[in-house]
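Undergrad: Show me how the following folds:
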Amino acid sequence: MTTTEKLIVLALGITAISLFAGILYQAVSQIIDRRKYPPQGELFDIGGFRLHLNCVGKGTPTVIMDAGGGDPSITWGLVPSEIAKFTRVCTYDRAGLGWSDPNPKIPRTSQQSVDELHALLTKAKIEPPYILVGHSLGGGNMRLYASQHPEEVVGLVLVDSVHEDQITPAIWKRMKRVILLYQLLIIASRVGVLRLIGDMNVLPMFKDIKQESQKYPLAVQALFDTFKSSCYRPCYWATTSSELANMKRSFQQLQASTLLGNLPLIVLSQGSKNPQMSDERFQKWQLLQRDLTQLSSNSQHIIAENSGHLVMLDQPELVVSAVHQLIELRSPLNKN
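TA: Model (predicted):
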């Protein structure tokens, strides 16, 4: 064997050992994470995989909450605990996010999320009526749920929700670059590289999130480590990538959905522009948010003047107030 051949074999051996060590590091770390950050609620098998559901409080109707694209249920921050003071509220993690198992063989569309949520609520015996609350992509999911199961839903809150007309060719071009990045992160997380870099606190994405979280209450800041640990799982990036790649399909499903009749609807949208968003894009977003009020003949539009896209963290009291308002509409005193 020549010197060159020996060097090649040595390099391959080192690579193989490094990959094995990385995979082992990732596997052991995930076991530690599961012990360190146990599920806040319960896991329900809905057909070969389990979804995480966390219900607190008492009362009716039950509030069901769905987070934004790629976001686990903990990103609702303090909102669920405040709603639990006057009714029962359930948050859940879509498949592959938070504490839920992945369902990777199925494209992550809004319709798939609706079908899985319906199966979850049935399995967990969470009886209607429901008030649905959805943020961003979760808003699209909840809107689709309300149109397909109107007999179960008595109110809907859309928190800076997606709109089926929001994707322009330029935006889709940027989205495709993000999808490619997510595909690379699947590989990096599988062999432990993402976790290693993240634990060294040099990953820009986590540094930015950590810095952003400092402006929120300590109880919200404490959720950062739980969120970060969930992002180290390969299924997280596979799920997020699939949700993004199938966004057009999800929006087509929304376009094909029916209107909501006179269902009580509150559209809650951001009022503070992100510095990275152009004035033109921000104005178009506000127009799309107002257009969402046309889904129901019984709707109102509330602008969160001091909030960016994360209204539930910037002004959680507005989300809580919107839910409380819909419950008050069902009060016997208000029916007379």
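Undergrad: Find out how far stretch 240-258 is from the centre of the chain, if you would.
TA: Offset of stretch 240-258 from its chain centre (CA atoms, centre = their mean, to the nearest Å): 14 Å.
Undergrad: Okay, buried residues for that stretch please.
TA: 240-247, 250-251, 253-254, 257 (16 or more other CB atoms under 10 Å). The way it works is simple: take the backbone N, C-alpha and C, and place the C-beta from them, glycine included.
Undergrad: Now it: average pLDDT?
TA: The predicted model assigns stretch 240-258 a mean pLDDT of 95.
Undergrad: what's it in contact with?
TA: With contact meaning CB atoms under 8 Å, 6 or more residues apart in numbering, stretch 240-258 is reached by 69-70, 96-97, 104, 107-111, 137, 140, 143-144, 147-148, 162, 164-167, 172, 175, 178-179, 182-183, 186.
Undergrad: can you redo the buried residues of stretch 240-258 as TSV with secondary structure and distance to Asn274?
TA: Below are the buried residues of stretch 240-258 laid out as TSV (DSSP: H, G, I helix; E, B strand; the rest coil; distance: CB to CB, whole Å):
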residue	secondary structure	distance to Asn274
Thr240	helix	20
Ser241	helix	23
Ser242	helix	25
Glu243	helix	21
Leu244	helix	19
Ala245	helix	24
Asn246	coil	25
Met247	helix	19
Ser250	helix	23
Phe251	helix	21
Gln253	helix	27
Leu254	helix	24
Ser257	coil	28
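Undergrad: can you name the two of the residues you listed that are farthest apart?
TA: Pairwise distances across the buried residues of stretch 240-258 peak at 24.5 Å for Ser241 and Ser257 (criterion: CB to CB).
Undergrad: helix, strand or coil for the residue nearest to Ile46 when sequence neighbours are not counted?
TA: Distances taken as CB to CB, 6 or more residues apart in numbering place Ala119 nearest to Ile46, at 4.3 Å, with adjacent residues excluded. Here Ala119 is recorded as helix under DSSP: H, G, I helix; E, B strand; the rest coil.
Undergrad: isn't Ala119 right up against Gly47?
TA: Yes: at 6.9 Å, Ala119 and Gly47 qualify as touching, with contact defined as CB atoms under 8 Å.
Undergrad: Alright, that wraps it up for me.
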